[in-house]
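[1] Whatever this is, show me its structure:
(one chain, ligands or ions: 2)
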Amino acid sequence: MGLSIVILAAGQGARMYSDKPKVLHTLAGKPLLAHVYQAASALTHRDIYIVYGFGGEQVPDALQDLQVNWVKQEEQLGTGHAVWQAIHDIPAADNVLILYGDVPLITEDTLQKLVDAASVSGFSLLTTYLEEPHGYGRIVRDDSGNIIAVVEEKDATEALRRIGEVNTGFMVVGASALRGWVDSLENENKQNEYYLTDIVAKAVAEKIIITPVLSESSMEVRGINTRSHLAETERYFQLVQAHHLMHHGVSLADPARFDCRGELEVGRDNEIDINVVIEGRVKLGNNITIGANCYIKDTIIADNVRVLPNTMIDNAIIGNGCRIGPYARIRPETTLGEDVHIGNFVELKKTNLGNDSKVNHLSYLGDAHVGSNTNIGAGTITCNYDGARKHQTIIGDNVFVGSDVKLVAPVKINNDATIAAGTTVTKDVAENKLAISRSEQKTISDWKRPKKT
Ligand code: UD1
Ligand code: CA
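    Ligands and ions are numbered 1, 2, ... in the order given. The predicted model follows:
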């Protein structure tokens with residue numbers, strides 16, 4: 001028997017007060033729906049259907065890479081109506097796993113248990129106990145403990161609202177029975193919606209026993225309905241990631257003040273200070289220290305590197321033993337060799353620096369190739385843009401660039417050259433030569449400094 005998967009993602013998420021469909025709000029930098037898809041797609045399955053609707057094509061446009069069939073629900077008339085949109089495409093002999101796109105932390109393991117449980121009676125339902133069940137559908141059981149219905153909170157009596165066992169929204173149902181039940185749903189309830197949850201009572205009326213699976217983690221089945229839920233879930237998720245990293249040999253100054261919005265691969269003995277944000281894919285070697293308030297995205301950092309506080313690194317490759325910051329900005333397509341020093345208020349863009357080179361203060365290097373053992377003085381600027389095009393600056397090995405130098409690209413400075421402080425370099429500089437451009441200093445002997453009155 002094959003497994004088809006339906007993910008419901010058409011709702012607006014009115015309680016988010018947002019123009020963006022709820023499932024596109026991000027958790028750890030990734031849309032909620034992408035988290036659900038990741039867990040679901042890990043199962044052995046046939047096809048995945050995602051039901052979308054609110055916000056037009058925003059959801060499929062944002063998640064074009066997913067291997068799914070997009071099914072449009074023009075009007076969002078309820079979760080049962082949403083399943084109905086996809087059900088007619090699903091082979092009748094399949095089991096159907098239904099997931100809600102706003103429950104991002106669901107795990108592959110739990111879903112697999114739910115799929116396995118469906119082999120008992122053809123209908124399995126994931127439930128959990130919550131101390132604060134507000135907003136969830138309640139699980140109603142009979143005297144022998146069998147599930148007989150799911151009642152939405154808005155339709156529940158006081159007594160039913162006191163039930164702590166809730167519907168997570170995840171279920172596995174045989175496709176042909178599911179089709180019959182969703183076809184016959186009605187919307188006579190407080191919200192005038194076609195509730196998927198009503199199929200539970202329909203199945204029970206046909207003497208089908210619902211096989212419950214109990215989720216042990218209330219967080220994995222948490223639905224995101226408000227921005228507060230989103231923030232709480234984000235903090236939970238980040239804390240789990242932080243402990244996972246510590247377990248793999250990273251010291252975090254404060255696990256509550258660390259954020260990874262992507263994938264972080266780590267070596268041993270890395271130390272990360274507070275308020276560090278990691279985005280995209282970042283790979284760290286061994287013995288790295290990252291100071292407070294750093295932002296690092298899509299970057300590979302080799303061993304023994306020190307990143308000092310308030311540094312941003314985006315899409316770069318950092319060699320062994322480098323020291324970067326404080327207050328440095330490394331922009332995309334930058335590569336640093338070994339033992340390179342980048343100091344405060346230095347911006348690098350699309351620039352390579354060879355081993356042992358230094359740019360210690362207040363500089364901008366863009367579209368530059370710098371050799372090894374070269375020193376770039378304070379305030380050096382590559383003038384790489386003529387208003388229309390970008391041009392390259394090439395600097396060789398053992399070059400000494402004095403302070404406050406303008407390098408008007410395209411220009412080349414050969415090995416062992418020296419550039420005097422204050423020079424505006426407009427012509428290539430030959431090996432071993434000194435280039436200097438300076439207006440002559442004058443002395444005005446009778447000058448009087450203005451006095452304040
Ligand atoms: C739903 C369940 C509730 C359960 C809770 C768990 C129903 C009727 N209620 O309530 O029992 O405890 O989830 O989180 O199913 N959606 C559509 N089309 C629609 C309506 C919703 O695709 O017409 C999608 C939403 O985008 C969302 C999911 O279905 O991803 C759940 O909808 P939501 O409105 O959040 O349902 P809840 O009120 O949370
Ligand atoms: Ca919900």
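
[2] show me the contacts for residue 318.
    Contacts for residue 318 (Cβ atoms under 8 Å, 6 or more residues apart in numbering) come out as 299, 300, 301, 302, 305, 324, 330, 336. Where C-beta positions appear, they are placed from N, C-alpha and C, glycine not excepted.

[3] Revised request: answer the last question for residue 131.
    Residue 131 neighbours (Cβ under 8 Å, 6+ apart): residue 164.

[4] Give the ChimeraX command for selecting the buried subset of the contacts of residue 318.
    This is how ChimeraX selects the buried members of these, with burial counted by 16 or more other Cβ atoms under 10 Å:
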select :299,300,301,302,305,324,330,336
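
[5] From the contacts of residue 318, pick the one nearest residue 167.
    Each of the contacts of residue 318 was scored against residue 167 by Cβ to Cβ, and residue 299 proved nearest at 42.9 Å.

[6] What residues of stretch 198-215 count as buried?
    For stretch 198-215, by 16+ other Cβ under 10 Å, it's 198-204, 208, 210-213, 215.

[7] Residue 194 and ligand 2: what is the separation?
    From residue 194 across to ligand 2, the span is 16 Å (Cβ to the ion, to the nearest Å).

[8] ok, which residues in the stretch 201-350 of the chain are in contact with ligand 1?
    By Cβ under 6 Å from any ligand atom, the residues of the stretch 201-350 of the chain that approach ligand 1 are 223, 225.

[9] can you tell me the residue of the stretch 201-350 of the chain closest to ligand 1?
    In the stretch 201-350 of the chain, no residue comes nearer to ligand 1 than residue 223, which is 2.9 Å away by Cβ to the nearest ligand atom.

[10] neighbours around the residue nearest to residue 239 when sequence neighbours are not counted, how many?
    In space, and not counting its chain neighbours, residue 239 is closest to residue 255: 6.0 Å by Cβ to Cβ, 6 or more residues apart in numbering. Neighbour count of residue 255, defined by other Cβ atoms under 10 Å: 17.

[11] same question, the one 4 residues further on
    A count of neighbours around residue 259, defined by other Cβ under 10 Å, yields 19.

[12] Repeat that for residue 256.
    Neighbour count of residue 256, defined by other Cβ under 10 Å: 10.

[13] any idea how far ligand 2 is from the residue lying closest to it once chain neighbours are set aside?
    Closest residue to residue 256 apart from its sequence neighbours, by Cβ to Cβ, 6+ apart: residue 239 at 6.6 Å. When distance is defined by Cβ to the ion, residue 239 is 23 Å away from ligand 2.

[14] Let's see the helix or strand hosting residue 239 as CSV, backbone CA atoms only.
    Element membership of residue 239 [criterion: DSSP states H and E] is helix 227-247. Coordinates of the C-alpha atoms in helix 227-247 are reproduced here as CSV (Å, rounded to 0.1, in the frame of the first residue of the first chain):
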residue,chain,number,x,y,z
ARG,A,227,3.2,35.7,16.4
SER,A,228,3.7,34.9,20.1
HIS,A,229,3.5,31.2,19.3
LEU,A,230,6.0,31.8,16.6
ALA,A,231,8.5,33.6,18.8
GLU,A,232,8.1,30.9,21.6
THR,A,233,8.6,28.1,19.2
GLU,A,234,11.7,29.9,17.7
ARG,A,235,13.3,30.2,21.1
TYR,A,236,12.5,26.5,21.9
PHE,A,237,14.0,25.4,18.5
GLN,A,238,17.1,27.6,19.0
LEU,A,239,17.7,26.2,22.5
VAL,A,240,17.5,22.6,21.2
GLN,A,241,20.0,23.5,18.4
ALA,A,242,22.3,25.2,21.0
HIS,A,243,22.4,22.2,23.2
HIS,A,244,23.0,20.0,20.2
LEU,A,245,26.0,22.1,19.3
MET,A,246,27.4,22.1,22.8
HIS,A,247,27.0,18.3,22.7
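
[15] Can you list the helices and strands that that helix packs against?
    Helices and strands touching helix 227-247, by 3 or more Cβ pairs under 8 Å, 6 or more residues apart in numbering; DSSP states H and E, are strand 26-27, strand 250-252, strand 258-265.
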